[in-house]
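# Return a 3D structure for these sequence lines:
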Amino acid sequence: MDLRTARRVSPAIAAGVAIATVATGTGLLIAARSRLPEPVAVHWGPGGTADGFQSLTGVVGTTAAFVLALTLLLVGITIPTRQPAVASVASGTSVFMGALMYGGVLAQQGITDPATAPMPNAAMAIGVAAGVAVGAGHALLVRTKPGVAPYPRPSAPDGAVRAHVPGSARVAWSGRMRHSSGAAILMSAVVALLLGFAVWMWQIDGPWWLMLLTALLVAATFVPMQMSTVVVDATGVVVRVFGRTLRRVELSQIKGAQVVEVRLLGQYGGYGIRAGFDGSQGFITASGEALRLARFDAADLVLTVDGADQAAAVVNTLIDRQADTER
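So this is what the prediction gives:
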């Protein structure tokens, strides 16, 4: 799928998934109405005991409004990024919330006293699995392939920094993603907090596994990013972690490179593989100087590396050499 089509289609897919979730959940609740208590439990306290109740009609209305409004909010947030795959978060979230909220009520079939309704742990587990599957499917459906330079390819933009080396010299560069002490402290605190919640949930027979899974996902995102290296050579730019390729951009896909200043929170909203509010994609580990790669028919890619000026100079020099060989 080309980028322009993907940008137009992706929000529509998210909206369609939310509408389908609401329609399916509402239909299932109506079909099971005679087997459900009135009112139904909609909230559970720390001890796992139901302490909040609502009529079935109220549940149908509030759940539909919540899922649709949440999807609209998430799509609205992701549209400025101009990254088609980002809207998949809205699809996955709407499915998760729908499974949790509708499933929690459907699990009360055959119960006469809503105060005895069990916590919706099974609905939560199903929601996590279904939300991840739908979100991943959405992202794959709108996946785009970066374009390549026309033939003969143009040189790097005028005024772009270049490496001052003899024309016959081999040019390459490698460096590490920049470390951030503040991000390390913040991520460690988040993981510790999630693990604490997991222990507390385990003690009250709550969904401790969800907190544990979230903690593991946060750690699995943070540690590899801190250990990542970036390599620039005649084939392109590669991000590697533990010797494995995390991202590759072929040299023929790059228009040019420059050094930019980035703000981790202000421009990318956080740490990790992010979509920027300016339409770029980023491997963001800290604020400060970063390497920005302009690509053909694809979003710019931003890498927060130490020595970004050297990396940009090498990229532009290699682009010029590739352009010379095609003339």
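# Helices along the stretch 101-250 of the chain, start to end?
Per DSSP state H, counting those that start in this stretch, the stretch 101-250 of the chain carries helices over the ranges 121-141, 181-203, 208-227.
# mind putting those in CSV, mean pLDDT, mean neighbour count and distance to residue 33 included?
Any C-beta I mention is one placed from the backbone N, CA and C, and that applies to glycine too. Below are the helices of the stretch 101-250 of the chain laid out as CSV (pLDDT from 0 to 100; neighbours: other Cβ atoms under 10 Å; distance: least, Cβ to Cβ, whole Å):
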stretch, mean pLDDT, mean neighbour count, distance to residue 33
helix 121-141, 93, 18, 18
helix 181-203, 83, 14, 31
helix 208-227, 83, 16, 29
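# Could I get those helices in JSON lines, plus columns for distance to residue 164?
Listed next are the helices of the stretch 101-250 of the chain as JSON lines, based on distance: least, Cβ to Cβ, whole Å:
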{"stretch": "helix 121-141", "distance to residue 164": "42"}
{"stretch": "helix 181-203", "distance to residue 164": "34"}
{"stretch": "helix 208-227", "distance to residue 164": "31"}
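# Which one of these lies nearest to residue 80?
The closest of the helices of the stretch 101-250 of the chain to residue 80 is helix 121-141. By Cβ to Cβ, the value is 18.2 Å.
# Summarise which helices and strands the closest one is packed against.
helix 3-31, helix 88-106, helix 208-227 (3 or more Cβ pairs under 8 Å, 6 or more residues apart in numbering; DSSP states H and E).
# domains of the protein?
For the chain, automatic domain parsing gives the domain ranges 3-141, 162-177+228-327, 179-222.
# And these, which one averages the lowest pLDDT?
Note on the domains of the chain: domain 179-222 shows the lowest mean pLDDT, a mean of 82.
# Kindly check the end-to-end length of that one for me.
With Cα to Cα, to the nearest Å applied, domain 179-222 spans 11 Å between its terminal residues.
# would you say residue 258 is within a helix?
No: judged by DSSP: H, G, I helix; E, B strand; the rest coil, residue 258 forms no part of a helix; its state is strand.
# can you offset everything so residue one is 31?
From this message on, residue numbering opens at 31, which makes the last subject residue 288.
# Quick check: the gap between residue 207 and residue 261.
As judged by Cβ to Cβ, to the nearest Å, residue 207 and residue 261 stand 12 Å apart.
# neighbour-wise, which of these two wins?
Taking other Cβ atoms under 10 Å, residue 207 and residue 261 do not tie; residue 207 has more neighbours (23 against 17).
# Which residues are in contact with the more buried one?
The neighbourhood of residue 207, defined by Cβ atoms under 8 Å, 6 or more residues apart in numbering, consists of 255, 256, 258, 259, 260, 269, 313, 315, 333, 334, 335.
# partners of it in the sheet?
Beta-bridge pairing for residue 207 (DSSP bridges): residue 335.
# now it: how far from residue 259?
From residue 207 to residue 259 the distance is 7 Å (Cβ to Cβ).
# Overlap of the contact sets of the two?
Applying Cβ under 8 Å, 6+ apart, one finds that residue 207 and residue 259 are jointly contacted by residue 269.
# Would you mark the buried spots in stretch 47-65?
Within stretch 47-65, the residues that qualify as buried are 47, 48, 51, 52, 55, 56, 59, 62, counting by 16 or more other Cβ atoms under 10 Å.
# List the contacts of the second one.
Residue 48 makes contact with 97, 98, 101, 120, 121, 124 under the criterion Cβ under 8 Å, 6+ apart.
# Over to residue 51?
Counted by Cβ under 8 Å, 6+ apart, residue 51 has contacts 97, 124, 125, 128.
# So among these, which ones count as buried?
Burial by neighbour count, 16+ other Cβ under 10 Å: within the contacts of residue 51 this picks out 97, 124, 125, 128.
# Figure out which of the helices of the stretch 131-280 of the chain is closest to residue 76.
When these are compared by Cβ to Cβ, helix 211-233 sits nearest residue 76, at 8.3 Å.
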